[in-house]
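# predicted model and sequence below, questions to follow.
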Amino acid sequence: EYVATSKVVPGSITGKTMTVNSSNVDITKSSTPANATFVKGAEVNALGVSFNTTIADSLKLNKLTARIYADSTAGGATFANGGYGDTAANTIVESASLYDGDTLVKGPVGLTLVGTIGTSGGYYKAEFSNLAYNMTAGSSKKLTVQLKLRNSFTGTKYVAVDVKPSEDVEMENTAGNLLT
């Protein structure tokens, strides 16, 4: 049954305007090594990842996966095989660690093969899980992936590190809901 609008009390609604925000974070690559040449056995800051949270909610980083590629191509500016490299990264990189400035967040962790080296989707990963790394609302954080190079490889080799935020980062808000 229909009710006439004149029968609805009150006829108009008044109140304060409310703004609703959602939890969100912008994730960007923020730095590369200042020096591109390193000695075998060195510890190398290979990739910086910046997190900029919105003012809506504090967030917790649960997991971050670094994709590690290696190549033997002279020059190293462009990796062979469409950028996926031609060398198994675990023959050059012993382990990876995650730092907040000089503070160790997680690691060292070993590398795990994903796919086939030299093909689309082929790389080694360093997975930093169970982090429980908190970021306050409206803050910026920069984490650095540091690689421990092996002493055992021969010749000049090239290494690249990447993070794909949509696939390699897991974060949640204070209600425990995962960000997508």
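Ah, there it is.
# just give the closest residue to Phe38, not the sequence neighbours.
Val44 (5.1 Å; Cβ to Cβ, 6 or more residues apart in numbering). All C-beta atoms are positioned from the backbone trio N, CA, C, and that covers glycine.
# distance check, that neighbour against Asn24.
Separation of Val44 from Asn24 (Cβ to Cβ, to the nearest Å): 32 Å.
# ok so, going back, where does the residue nearest to Phe38 fall, secondary structure wise?
strand 43-53 (DSSP states H and E).
# what is that strand packed up against?
strand 25-31, strand 59-71, strand 140-149, strand 158-162 (3 or more Cβ pairs under 8 Å, 6 or more residues apart in numbering; DSSP states H and E).
# may I ask which helix or strand of the chain has the lowest mean pLDDT?
None of the helices or strands of the chain scores lower by mean pLDDT, DSSP states H and E than strand 25-31, at a mean of 82.
# how far does that one sit from the chain's center?
Strand 25-31 has its C-alpha centroid displaced from the chain centroid by 8 Å (Cα atoms, centre = their mean, to the nearest Å).
# so which of Val44 and Asn24 has more stuff around it?
Neighbour count, other Cβ atoms under 10 Å: between Val44 and Asn24, Val44 has more, with 19 against 15.
# hmm, the more buried one is touching Thr37, no?
No - with contact defined as Cβ atoms under 8 Å, Val44 does not reach Thr37; the gap is 10.2 Å.
# need phi/psi at the residue lying closest to Lys40 once chain neighbours are set aside.
Distances taken as Cβ to Cβ, 6+ apart place Asn151 nearest to Lys40, at 4.9 Å, with adjacent residues excluded. Phi and psi for Asn151, reported as degrees, to the nearest 10, are phi -90, psi -10.
# Glu167 too?
According to degrees, to the nearest 10, Glu167 has phi -120, psi -30.
# for burial, what's the neighbour tally of it?
The number of residues near Glu167, taken as other Cβ under 10 Å, comes to 9.
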